[in-house]
Structures are given as structure tokens and as C-alpha cells.
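> Sequence and computational prediction follow.
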Amino acid sequence: MDGINLESVTKSFGSKVAVRDLTLYVAPGEIHGLLGPNGSGKSTTMKMVMGIVKPDRGQINLFGADVLHRPVEAKRLVGYVPELPYLYEYLTPSEYLDFIGTAYHIDVKTRRERVDELLEALQMREHINEVMSGFSQGMKQKIAITASLLHRPKALILDEPLNGLDPRSVRIVKDILQRLTGEGVAVLFSTHVLEIAEAMCHKITIMSEGTILAEGTMQELRSKAGMPGSTLEDTFLKLTGSEDTEKIVEALKL
Ligand SMILES: Nc1ncnc2c1ncn2[C@@H]1O[C@H](COP(=O)(O)OP(=O)(O)OP(=O)(O)O)[C@@H](O)[C@H]1O
Ligand SMILES: [Mg+2]
């Protein structure tokens, strides 16, 4: 099965249900935005897709590879930018990306070409031989993004990937993602910046307390919220407004 598939996935930490019976599909060529208040289960969902957190129940499949049963194959198919990227900061980007490229068995010539191309696009080439411990948050984020793309994954799991990036870099990452989706890559992308979600995502899922509150294109979300013509921000605030949660859930069933 192509794309990113989660079926009835549940994960608890102690008595806290972080993700509850979540079913989600990201088609090849789609940028799918994962939105929701702090603690709503976005990062946990993404970590389960990456095989970092093991679900209690449910199935996850990446382009035909079952994440739980064929983890190595699944990892070859997916690139990940974690919420808090951990880089080996005593290395330079050149050393670090070489290490990542080797781990993915990418030959030297190909990986140097890809590193050059990506660092050039992200305006990081001049820093390729500097130790990363001195990098700003945005510079580190660019290296994490580069690392996630090196092995040309079919699926991308990006947990707030634009954090710390300046507007020009945001634009460049947007362009890279649009090019990749044109090639059939499936992207699951979390963000709190609603304008970015609105501008970039083909589909949006709004989570709250581990479950899906609403899902669809911008247009579908607006009509679900009963707010045609409204911005994603108004729609999001209405859909996630705590005082009215029950009413909203009722309204969504119509
Ligand atoms: N390792 C863990 N141990 C215990 N509880 C956890 C763990 N990871 C996540 N949780 C809990 O699961 C819930 C969902 O957390 P998660 O990080 O998935 O939220 P999020 O939607 O990514 O939030 P944010 O927008 O702040 O990044 C929270 O209540 C959190 O406290
Ligand atoms: Mg998170």
C-alpha cells in the first residue's frame, strides 16, 4: 500500500492516553498538516510512524513496509525531522552528513552531490566545515532537514520543521517540499504556524487529546466548522475551543 497509513493506533503513557484509536492516511504527493494544541499527540503520532515509540495497538505501514514488523525496510523509506533534532554537535555538517549518508549506504559521490545541492539551497555551504556546537537554532534545523532528505525518502515525517527558520529559508524548504511531492513523496508535517499550514498543506488533520477532531482540505474544514470563507486560524480556534468541544463534536457529525 502506497503512502503513510496509520490504522486504529493507540498509545498510552501510564494512565495518560496520548493517542487514541487514530486512523490517518497520507497519499503519495500529499503534504498533510498535523495541527493541534500542545500535548494533543502530534509528536507521539510521528514517533510511532518512525518506530521510536511503539504503539499499544494498531498498525502503521509506509509504502508497503509494516513499521512494527519490517522496521529496517520502513526506515529506508522515511526521512524524519524530530521536534528537537539531536545532532552530534562536535562534528561539522560535512562530517555529520557523511556519517548519515554512510548509515544509509549512499555512495560517496552521490552523497556529496546531494549534500552540496541541499546546503547550497539552504545557504549553509559556507558553514560546511564549522563545528555545529556554535550554530544557531535555525542553522541546526537546516542541517536536520538536509539529513532527513539525503537518502531520497518516499515518506517524510517533519515535526515542526520550520522552527527557527527565517522567512527566506521557510520559502526554500516550502519549495523543496513542493518539488518532492511532485515526485510522489508523502509528507506528514506538524506546525503551530497556521498560515504555513494553510499555504502548504493539501490536507489538514486537527488533533485534540489524542484523537482527530476534524480532517480534510481547508475548504472542508471551514464548512465543518460552519465558517465558510474564514481563515484556518478562526477555524482552528473554533474547532479546538475547549468550552464548546462537545458541541463541536456534535456539529462535526452532521
Ligand atoms: N515519553 C513520554 N512519557 C510520558 N508522557 C508522554 C511522553 N511523550 C508524550 N507524553 C504525553 O503524551 C501527550 C501527547 O504529547 P505529544 O508530545 O505527542 O504532544 P504534541 O501534540 O506533540 O504537543 P506539542 O504541540 O507541545 O509539541 C502529552 O500529554 C504528553 O505529556
Ligand atoms: Mg510535539
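Thanks, I have the structure now. Ligands and ions are numbered 1, 2, ... in the order given.
> Could you report the distance from the residue nearest to Gln137 when sequence neighbours are not counted to ligand 2?
The shortest distance from Gln137 to any non-neighbouring residue, by Cβ to Cβ, 6 or more residues apart in numbering, is to Gly164 (3.8 Å). Glycine gets a C-beta too; all of them are placed from N, C-alpha and C. Per Cβ to the ion, to the nearest Å, Gly164 is found 15 Å from ligand 2.
> Secondary structure class of Gly164, three-state.
What DSSP: H, G, I helix; E, B strand; the rest coil gives for Gly164 is coil.
> list the contacts for it?
136-138, 140-141 (Cβ atoms under 8 Å, 6 or more residues apart in numbering).
> any idea how far Val9 lies from ligand 1?
Going from Val9 to ligand 1 by Cβ to the nearest ligand atom, to the nearest Å gives 12 Å.
> what separates that residue from Gly79, distance-wise?
Per Cβ to Cβ, to the nearest Å, Val9 is found 20 Å from Gly79.
> most residues in a single helix of this structure, which one?
As assigned by DSSP state H, the longest helix anywhere in the chain is helix 167-182.
> quick one, phi/psi of Ala214?
phi -160, psi 150 (degrees, to the nearest 10).
> switch to numbering from 45
Let's use 45 as the start, then, which means that last one is Ala258.
> Bridged to it, which residues?
Ile250 (DSSP bridges).
> which outside residues touch stretch 135-154?
120, 131-132, 155, 158-159, 163, 168, 171-176, 187, 190-191, 194-195.
> ok, of these, which come out buried?
120, 131, 155, 158-159, 163, 168, 171-172, 176, 187, 190-191, 194-195 (16 or more other Cβ atoms under 10 Å).
> can you give me the helices in this structure?
Going by DSSP H, the chain shows helices at 86-93, 115-121, 137-147, 152-165, 181-193, 211-226, 238-244, 262-268, 276-284, 289-297.
> Ends of stretch 162-178, what's the gap?
Using Cα to Cα, to the nearest Å, one end of stretch 162-178 lies 20 Å from the other.
> Closest approach to ligand 2 from the stretch 195-298 of the chain, which residue is it?
The minimum distance from the stretch 195-298 of the chain to ligand 2, using Cβ to the ion, falls at Asp203 (6.0 Å).
> Hmm, Thr89 and that residue touching each other?
No: counting by Cβ atoms under 8 Å, Asp203 stays clear of Thr89, with 9.5 Å between them.
> So for those two, which sits in the more crowded spot?
Thr89 (29 against 22; other Cβ atoms under 10 Å).
> okay, that one: pLDDT?
Note on Thr89: pLDDT of 98.
> swap in Val53?
Reported pLDDT for Val53: 98.
> Leaving out chain neighbours, which residue sits closest to Leu162?
Leaving out its chain neighbours, Leu162 is closest to Thr190 (Cβ to Cβ, 6+ apart), at 4.4 Å.
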